[in-house]
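Enquirer: Got a predicted model here, sequence first, then my questions.
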Amino acid sequence: MNIFSKAEKDAWRLPSKLTVSQWSDKPGNRMLDPDTSAEPGQYRSARTPYMRGPMDAFTDTEVEEIDVMSAGQVAKSTAIQNMIGYIIDEDPGPTMYVVPREKDVVDRSQKIFKPMVMLSEALRRHITGNPRDLQTDYFTFDRMTLYFAWAGSAPEMAQRTIKYLFFDEPDKYPLFAGREANPIAQAVKRTVTFWDRKIVKMCTPTTELGYINVSYNLSNKQEIFCPCPHCGEFKIWKFSQLKLPKTLRDPEKIIETGDVWYECEVCGIKIYEVQKADLVAEHIWLAEGQTITADGNITGQPVRSKRHSGFNISGLVSTWMSWPSIMADWFRANTEQGIAQGARMEFDNLTLGIPHKETGKKLKASEVRKLTGGFSRATVPADCLLLVASADYHKSRARGIVRIDYQVHGFGYGMRNWVISSGSVPSFEKLDDEVLLSPFPWADGTSQKEKPWLAVMVMFVDSGYEPDDVYEYCRQRPGLTIPTKGEPGPRLKPLQASSLESATEHRLSRRSRQRYRGMQLLIVDTFYFKDQVTSWAQPRMDDEGKIISPALTQFYDEIPSYYFTEFTNEQKVLLHDKRGNARWLWQPVTTGAPTHSLDTAVLCAAAAFYKGVHYLRPAKSQKALPAAVRPGRRPKHRRRSGSGFLDGLPEL
């Protein structure tokens, strides 16, 4: 007598002993949709053999958590679909699939998973027949429910009890969902009631602080070992072993000729692209701490348990990335345009499947100090064409003490620059004496008659402390001194002019503001100019660490050591906001330590930008800039009508 219905029998049926890859390879179980796949039809794991390891770990009873950190175009999404298909057909349980954005929910559920179900004979039979089975937010099957959620939907994740949890591209998730915990921790909490839960994260890495890299480093860190067809040794394929002729550097010609090979790091013999597929098919996944000999013997013990299994997949083994295309991408990423557009990070992430190392920018005082020499304080090197200055005004109201840090900076062709003078003075009168009232002699001793000495053309004065004192000082020296205010970037423009009369609207009366009519306050993007001055103090190097060109900045001989300590007391760090958005910001290395030298250097760079130093071009007859007109002094020669600060410059 048969007392159980078919549905009851199906519910109690034990899962088969098939792995996910074996289930996917069975005819009719997984059919690839022609609308979303370049190779529609029956799925074949042989096309991406390296994905068998992550997929089959899903059916390993000792594995609870799976991380796949990989390059793009290695079939990560297909592997997730295979796992979910296996769940529906073989081992049902409440499942949640989490995507980065809300609009991704509709795209994945209706354009990816719905066709997957309808094209599969094995999955189609688990639909109940209700027309509302395959909705946008969840799919209802005869023995389970598949939920779709996005990383910012805290209520959706909080109210579900989940056995199988899938995170797709978690590095793109917001760091926090509203005021609650981060979305990954929040979703994982919903799985704690299941002793046999599975948590899967698949993602292309971003930075070392990204979700997938942090999680992968907590796993057993498995890597692909592929054999050499010549010596038989199994090794992890590295980009550094990808070779091409030394004369071949153009990306288009690399693609056209295809003259790229892999050099075995053991025997040094060339491995060609046509051999790649067969070698990848013979790969072996090994955890950190394990190695394999040429005869296939695995030695060593994994550093961590396979309960948390991690897999790293490089584009070097990808079915759809050829070695010539990878090498061409590398040379494109290392052009000036590529570097400016962040192509190096894209190459690391999307091609090599590794996080981009966020070293930031940090100067060492000992290295910058080596740039001193060649001229004395308050003298000008012969190649200098333009002098600018900066001042940072500080005043203690309680003690009535004034301190003004200043710097004089010279600039020449090709952004070469020199720190001519620096120091601190107790008053604006002393500042005039040190910076503005006298021209600076040439370092080689050339007399003013032979070659006119240079004077400061403009001085930027920071108005952060006691701005009214700075405004009044600049009002008495129009055109020569300009008040500024620093703002962290990035801003639309490195320098942005604002009416000083409007800037004081909320503090001063209308009558008091009238004396500032016609004056400007310049807003300075401090991040932009910090990038500049720190780059100038570093030599350019190639990938092997060899100096291509020396640093652009030089410092006078007698410059005090504290200057370099202050100049290097900020570094670039990567910070995330509450929504997970990452930004590089300049922050002090030592909180509270002074950065006066860096601040004045930044204002000098801004002043040079204001004066158009980036437009300087060499000419046959090089002439120095004329001395600036001094406050209270009559110029010897009247300027022609319409002349400007660039008069006398050769071929600007």
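Expert: Sure thing, it's come through. Numbering: from 1, shown residues only.
Enquirer: Now for this protein, the helix or strand with the poorest mean pLDDT.
Expert: helix 6-12 (a mean of 60; mean pLDDT, DSSP states H and E).
Enquirer: Could you report the separation of the nearest residue to F239 once chain neighbours are set aside from T204?
Expert: Closest residue to F239 apart from its sequence neighbours, by Cβ to Cβ, 6 or more residues apart in numbering: L352 at 5.7 Å. Yep, even glycine has a C-beta here, placed from its N, CA and C like the rest. For L352, the distance to T204 equals 10 Å [Cβ to Cβ, to the nearest Å].
Enquirer: Check H283 too.
Expert: 20 Å.
Enquirer: cool, and Y528?
Expert: 30 Å.
Enquirer: which one of those two has more residues nearby?
Expert: A count of neighbours by other Cβ atoms under 10 Å puts T204 above the other of Y528 and T204, at 24 against 19.
Enquirer: tell me the contacts of the residue nearest to F239?
Expert: Residues in contact with L352 (Cβ atoms under 8 Å, 6 or more residues apart in numbering) are 71, 239, 314-316.
Enquirer: Can you get me a residue count around the residue nearest to L244 when sequence neighbours are not counted?
Expert: Spatially, and ignoring its direct neighbours in sequence, L244 is nearest to V260 (4.8 Å; Cβ to Cβ, 6+ apart). Neighbour count for V260, taken as other Cβ under 10 Å: 21.
Enquirer: Over to M116?
Expert: M116 has 21 nearby residues by other Cβ under 10 Å.
Enquirer: Could you do Q222 as well?
Expert: With other Cβ under 10 Å as criterion, Q222 counts 25.
Enquirer: Look up how far Y216 lies from it.
Expert: 10 Å.
Enquirer: hey, what's in contact with both of those two?
Expert: With Cβ under 8 Å, 6+ apart as the test, Q222 and Y216 both reach 310, 312.
Enquirer: Checking T36 next. Helix, strand or coil?
Expert: Per DSSP: H, G, I helix; E, B strand; the rest coil, the local secondary structure of T36 is coil.
Enquirer: OK, contacts around the closest residue to it other than its chain neighbours?
Expert: Using Cβ to Cβ, 6+ apart and skipping residues adjacent in sequence, the residue nearest T36 is I112, 6.3 Å away. Contacts of I112 were listed using Cβ under 8 Å, 6+ apart, and they are 33, 36, 77, 81.
Enquirer: which residues of the stretch 251-400 of the chain score low on pLDDT?
Expert: Judged by pLDDT under 70, the stretch 251-400 of the chain has its weakly predicted residues at 357-361, 396-400.
Enquirer: Now do the helices in it.
Expert: With helices called from DSSP state H, counting those that start in this stretch, the stretch 251-400 of the chain shows them at 251-257, 273-281, 323-333, 336-340, 343-346, 365-368.
Enquirer: Pull out the buried positions in the fourth one.
Expert: The one in question is helix 336-340. Of all the residues in helix 336-340, those buried under the rule 16 or more other Cβ atoms under 10 Å are G338.
Enquirer: Test my guess that P467 contacts P483.
Expert: Yes: P467 lies in contact with P483 (Cβ atoms under 8 Å); the separation is 7.2 Å.
Enquirer: Neighbour count for those two, which is higher?
Expert: Taking neighbours as other Cβ under 10 Å, P467 and P483 compare with P483 leading, 23 against 19.
Enquirer: Okay, buried residues for whichever helix or strand the more buried one is part of please.
Expert: P483 belongs to strand 481-487 when assigned by DSSP states H and E. In terms of neighbour count (16+ other Cβ under 10 Å), strand 481-487 has its buried residues at 481-486.
Enquirer: now stretch 122-136
Expert: In terms of neighbour count (16+ other Cβ under 10 Å), stretch 122-136 has its buried residues at 122-123, 126-127, 133-134.
Enquirer: In helices only, show me the residues you listed.
Expert: Residues of the buried residues of stretch 122-136 located in helices (DSSP state H): 122-123.
Enquirer: mind putting the buried residues of stretch 122-136 in TSV, distance to G412 included?
Expert: Converted to TSV, the buried residues of stretch 122-136 look like this (distance: Cβ to Cβ, whole Å):
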residue	distance to G412
A122	74
L123	71
H126	75
I127	75
D133	74
L134	69
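Enquirer: Among the buried residues of stretch 122-136, find the lowest-pLDDT one for me.
Expert: Lowest in pLDDT among the buried residues of stretch 122-136 is D133, which has 85.
Enquirer: Domain map for the protein?
Expert: Domain assignment for the chain, taken from automatic domain parsing, gives 6-216, 222-352, 365-615.
Enquirer: Quick one: residues contacting the residue nearest to L244.
Expert: Contact analysis of V260 by Cβ under 8 Å, 6+ apart lists 242-244, 254, 273, 323-324, 326-327.
Enquirer: Which entries within those meet the buried criterion?
Expert: 242, 244, 254, 323-324, 326-327.
Enquirer: Pull up the overlap in contacts between L352 and T204.
Expert: Common neighbours of L352 and T204 (criterion: Cβ under 8 Å, 6+ apart): A71.
Enquirer: picking that back up, do you know which of the helices of the stretch 251-400 of the chain lies nearest T48?
Expert: When the helices of the stretch 251-400 of the chain are compared by Cβ to Cβ, helix 273-281 sits nearest T48, at 9.0 Å.
Enquirer: Now do the helices in the stretch 401-550 of the chain.
Expert: 428-431, 467-475, 500-503, 510-513, 526-536.
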